[in-house]
Structures are given as structure tokens and as C-alpha cells.
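> Quick one: sequence plus predicted model below, questions after.
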Amino acid sequence: MRTIPIKESLTIEFKSDKKKYSDADLVDEIVGMTNTKGGTLYLGVEDNGEVTGVHPKHKDAIGVTALIANSTVPSVSVRAEVITEEEKDVLKIEIPVSRTVVSTSSGKMLRRRLKADGSPEVIPMYSYEVVTRLSELALLDFSAGPLAGATIEDFDPNQRIRLRNIIQNKPGGEKNLLGLQDDELDKALRLTTEVDGKIYPTVTGMLLIGKESSIEKLMPTAKASFQVLEGTKVRVNIETSGPLLEVFEKFETYVDAWNPEREIEYGLFRTAIPEFDKAAFREGLINAFCHRDYTMLGTVRVLIDDEGMTISSPGGFIDGVSVDNLLTVEPHGKNPALADALKRIGLAEKTGRGIDRIYEGSIIYGRPWPDFSETTSTNVKLFIQRAKADNRFTKLIADEQNRLGKPLSIYSLMILSLLKNERRMDLARVVSMTHLSESKIRSSIENLIEDGLIEGSGNGKSRTYTLSGRVYKESNQSIQYVRQTGIEKVAYPEMILKLARTQDGIITKQDVAELLMITPNQAYSEIKKLVSEKKLYKYCGGKYTKYKIC
């Protein structure tokens, strides 16, 4: 069985060694990979995946490891071994992700990327990309450094007033900041820094309270756009280099004009449900500006079209963050000084868990979850789909949170959302859908059972969960509840026997699992009940045990 991957990727590289691959080129490849995502290089495999074998001079794995360590700065410690594939020897080199920027001993800094056709290549790492890489590794805070060419005169007095008004009016704003003089406030929020006894604006300072003309001149990367499309017609197309405090306010105003609300009744009360949750939009926008790469040309873009809302920002996720761990990874970003300032003035979530609000904004209305699947190494993209709100589910969440006197956790909301859509799920399915740990899911499920929101049936790995009878009843869906919870007690036996009759009285566990769309363990439990009731008996054993009608 082949153990070597079929084709190359960002983390898989093939190199032919029929003519002895150059040691210098090998070191270049290693440097490019360690400066990107790490990965595995197979020496002795052609670009098309054909195994042709490693050159005899490269069969010394220890020697190749030493060569790489001695030819990189700082030294890269790889793991190399000769493996046999299709009766040919191949040198497998495992390259770790470097925690700093690595160069060759000759001074070349390289990185790896995918070309338009999807094949990988190693290219030079330019000076500005070094800053980007260190920011991704949380080793450098670009937003805390002085901005070249900027002076205090580049700050806008009107934006200072706006800053103080935000602190005063936002619930999370630190009111003690209002008692500080301007220079003290600048220092407290790291809007300025001292260099050789002189005060200069930081990147954070210019982004928050800089003059638009100065930002456009000194930070050409700090652009933002707001667009609205109806079909193929452009309704709104605005681009700005303004300070972020002003951009936040303007973009919120723009969204309000394109975010219709619909009222629903809760007894004597009426509640307005927006097409796009305002808190989720705010957190998505703040995240886009907080975590974007300000060394890259590009634009933070808000697009509203017929499908939904997209918020995109230049620069991929910071190292260690992926689509799968967004809800569990420790909060950290590329621009800590900027993020800290936004938290202290009351614009950003103080816990750093704004992502929870983004998910909550869709789930509480029974809508599809936010989608980050189109994120790449150079662009983070959040998509919030247009979808009709599920009024019954919204009422359920609101009533439960009122009863508890506190919001439900994001984990509980996700589980309830999944059960609403899929009706019945086992633990493994919930874990795979949420990308959360089994222990967290199990704990949340038990809490929901205690609160009377979900019910479990079965034992062990075959245990499944549904929304509770109370939830279905309050949603006027009692029939659906009986269908979900009672079907195995009423209809399963007859369905199993009916299938057996159509198969000359014989049935297998696999037949039952496919028929009832349940797990093999659950199918076996159903068969055991019929055997104990003397309606079936074991016809023959072995790997595929068969049962026959008595």
C-alpha cells in the first residue's frame, strides 16, 4: 500500500534525485517550507508522483540532517529517514514550522506558496513579509511600533473628540481614561511611543485618530470599502482611508440602510429580527480591522449581495488558528496594541471572544452558521448567509435564557441548532460537526438534559439525542416529537420483520442499519429485542450473522 501522498501541496514536496538533487536547492526548499507551514519533502519522487528512488549519496539520513542544520540560520532541526516505496528507496524529510524567520547560511530568506494551478513553489521573502511572518507567529506587534514619517500633527482633533465620546457612551469603555490629558490618554492606549526622547504616533494611533489625508499618504494599506450589489447592479460602492473610529460608525450606518427588520410577536410583546444581526456584524468588522495584515496592500471589504454579507480582510489566520479551532483557540491576534485599545474604549469584546458573538448572531435566529471556509493564507473571509429566521426556535432560545436569567453558552446554542436541523444525532456526529472536544460537548449535552431542552435514548456509543418533548410541545410540534422518540418502540420491529419477509425471512444487522438509518450497534440492539421475543432467531453466525423469522 502506498504511503507517499499522490500529489504535491503547500506542505508536501516531491523532488527528483535521479541526477543527485543539488544540496543548495534542497536547503532552499527546506527554508521555504519551515517559513510557511512546515511539511514533508520526499527526495526520490518526480513532480507527477512517480517514485524513482533516492540517489546513493542522499541515503545517509543523518548526513542530510546535519547538512540542513549547518546550512540554515537559525538551524532547522529536521527528521529524515529512508523509506521503501514501490521497491525503491526514498528519503523522507519532515520539516517543522519555524517559530522565527529562517534564512540559508548565505542569507536567503524564502517562503512557500501555491501557484495559480495549485502546484507549490518557493519564492523570496521580502522585507515587509518578514514583519508579516513575525506578526503571524505573535513575535512582533506591528501596530505598537512608530509609523515612519508620522508626527503628532498627523492626529485629527475631531477624532480625539470622537474617541472620548465613544469611551463615555459605550458600556465597556474605561471611564477612568476620560480624566487623562490628551498626551496621557495617547500613552495609556499606546497611540504614541517615545523614540530617542521624542513622541511619535504608533500605527494604532494613526489608525484610530489620524487625519484621513495622513493615513492615505503614510499607510496606503489601510483602506476599507463598503459595497452593495443587487443582482449584477452596483447600488453602493464606497472606499475610504479614514480613521477606524469614523469608519466603524459610517459602516454601521450603511448596514442599517440595507438590513431590513421583521417583527414577530411574543405574547404581548413584539421583537424586531434583523436580516443580519447587528452585534455579529460589529464583531466581524472589528475582527477584520484588528487582525488584518497592515503590511499588505489590500482592503477590508464589506459586501452585501443577494446571497448574504461577506466581510473580508487581507492576511490569513495567525499561526495556530484555523477554521476548525476558531471557537476554542486562545484569543490572540496580529495587532495586540490595536485590539487592546479597541477593548479599552469599549468597541471590542473585552474577553477576546468576539467570534462567539458572530456565531450566536446567526444561531439564535435559527439560521445557518457563519462560514469561514473560503479563508486562504492571504485573506480571511467571513460569510453570513441570508436566511429566513425560525421564529419558533428564536422564541425557544429567548424563553430559555429568560428562565435561566443568563445567556446560553455558544456550545449549547450550537448543539440545539444541530438537533433542530438534523432531529437526532449521536455524540460522535455532534463532535464532528462542531469541531469541539468530546468532553466539552458531553458536558454541554448533560446541562441541556438537566434543563429539559434535550433528551437522550440508548446507551454507550449508540446513545442518541433529540430535542425534548417540552421543546416540541411549546413549538406546537408534538407529532414530530413522537415520530423522533417513539418510532423505534412502535415502528422499528414491524419494519424489520417486513424487510425480512421480503428476503425469504432472512435479515442481517447491516440490513437493519441501512433500513432504519441507525448505527450498527443500534441495529444489533433492535435485533436482540426481536430475538428475546422469539420473533427472530440466529440463522448462521460469522462475520455477517444472519437472522431468520421464527
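In hand now; what should we look at? Numbering: from 1, shown residues only.

> How about stretch 50-65, which residues are buried there?
Along stretch 50-65, these residues count as buried under the neighbour rule (16 or more other CB atoms under 10 Å): 51, 53-55, 58-59, 61, 64-65. C-beta: built from backbone N, CA, C; applies to glycine.

> Residues in contact with that stretch: which ones?
4, 16-21, 26, 43-46, 77-82, 85-86, 88-91, 93 (CB atoms under 8 Å, 6 or more residues apart in numbering).

> cutoff 6 Å now
17-18, 20, 43-46, 78, 80-82, 85-86, 88-91 (CB atoms under 6 Å, 6 or more residues apart in numbering).

> try stretch 344-351
So stretch 344-351 is contacted by 166-167, 170, 172-174, 286, 342-343 (CB under 6 Å, 6+ apart).

> now stretch 112-129
The contact list for stretch 112-129 (CB under 6 Å, 6+ apart) reads 8, 10, 28-29, 32-33, 36, 109-111, 295.

> Now the buried members of the contacts of stretch 50-65.
Using 16+ other CB under 10 Å, the buried ones in the contacts of stretch 50-65 are 17, 43-45, 78, 80, 82, 85, 89-91.

> which two in these are spaced the farthest apart?
78 and 85 (19.0 Å; CB to CB).

> on that earlier part again, pipe the buried residues of stretch 50-65 into JSON lines and attach secondary structure per row.
Output for the buried residues of stretch 50-65, formatted as JSON lines (DSSP: H, G, I helix; E, B strand; the rest coil):
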{"residue": "51", "secondary structure": "strand"}
{"residue": "53", "secondary structure": "coil"}
{"residue": "54", "secondary structure": "coil"}
{"residue": "55", "secondary structure": "coil"}
{"residue": "58", "secondary structure": "helix"}
{"residue": "59", "secondary structure": "coil"}
{"residue": "61", "secondary structure": "helix"}
{"residue": "64", "secondary structure": "helix"}
{"residue": "65", "secondary structure": "helix"}
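
> per-residue confidence at the residue most central in space within the chain?
Nearest residue to the geometric centre of the chain (CA atoms, centre = their mean): residue 323, 2.4 Å. Looking at residue 323, its pLDDT stands at 82.

> how close does the nearest residue to it once chain neighbours are set aside get to residue 383?
Distances taken as CB to CB, 6 or more residues apart in numbering put residue 372 closest to residue 323, at 4.9 Å, once the chain neighbours are dropped. Going from residue 372 to residue 383 by CB to CB, to the nearest Å gives 8 Å.

> Kindly report the same for residue 407.
Going from residue 407 to residue 383 by CB to CB gives 24 Å.

> quick one: which of these two has more around it?
residue 383 (19 against 14; other CB atoms under 10 Å).

> Any idea what that one is bridged to?
Beta bridges link residue 383 to residue 310, residue 371 when assigned by DSSP bridges.

> in terms of contact, does it touch residue 312 like I think?
No - applying CB atoms under 6 Å as the test, residue 383 and residue 312 come out as separate, 9.0 Å apart.

> so which strand or helix has the closest residue to residue 224 other than its chain neighbours?
Once flanking residues are discounted, residue 224 sits nearest to residue 300: 4.5 Å by CB to CB, 6+ apart. Per DSSP states H and E, residue 300 falls inside strand 299-304.

> hmm, who's touching that strand?
Contacting residues not belonging to strand 299-304 are listed as 223-228, 258, 288-289, 292, 310-313 [CB under 6 Å, 6+ apart].

> Which two of the residues you listed have the greatest separation?
The span of these, defined through CB to CB, is set by 258 and 292 at 22.9 Å.

> Which one of these two is surrounded by more residues?
A count of neighbours by other CB under 10 Å puts residue 292 above the other of residue 258 and residue 292, at 25 against 15.

> In a helix, the more buried one, correct?
No - read with three-state DSSP, residue 292 is coil and lies in no helix.

> Contacts only, for residue 315.
292-293, 296.

> returning to what we had before: among the contacts of stretch 112-129, which are in helices?
Secondary-structure check on the contacts of stretch 112-129 using DSSP state H: residues within helices are 28-29, 32-33.

> Top of these by number of neighbours, please.
Neighbour tally across those (other CB under 10 Å): the maximum, 31 neighbours, falls on residue 33.

> Leaving out sequence neighbours, find the closest residue to that residue.
Closest residue to residue 33 apart from its sequence neighbours, by CB to CB, 6+ apart: residue 95 at 4.6 Å.

> Spit out the contact partners of the one you found.
Shown in contact with residue 95 (CB under 6 Å, 6+ apart): 30, 33-34, 38-39, 78.

> Name whatever forms a beta bridge with it.
For residue 95, the beta-bridge partners are residue 39 (DSSP bridges).

> domain ranges for this structure?
As assigned by automatic domain parsing, the chain contains the domains 12-125, 142-218, 223-336+346-385, 405-485, 491-549.

> mind putting these in CSV, distance to residue 391 included?
What follows is the domains of the chain, written out as CSV (distance: least, CB to CB, whole Å):
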stretch, distance to residue 391
domain 12-125, 44
domain 142-218, 29
domain 223-336+346-385, 5
domain 405-485, 10
domain 491-549, 29
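
> and residue 393, which of these is closest to it?
If you check each of these against residue 393 by CB to CB, domain 223-336+346-385 wins as the nearest, at 3.6 Å.

> Can you give me the first-to-last residue distance of the closest one?
One end of domain 223-336+346-385 to the other measures 25 Å (CA to CA, to the nearest Å).
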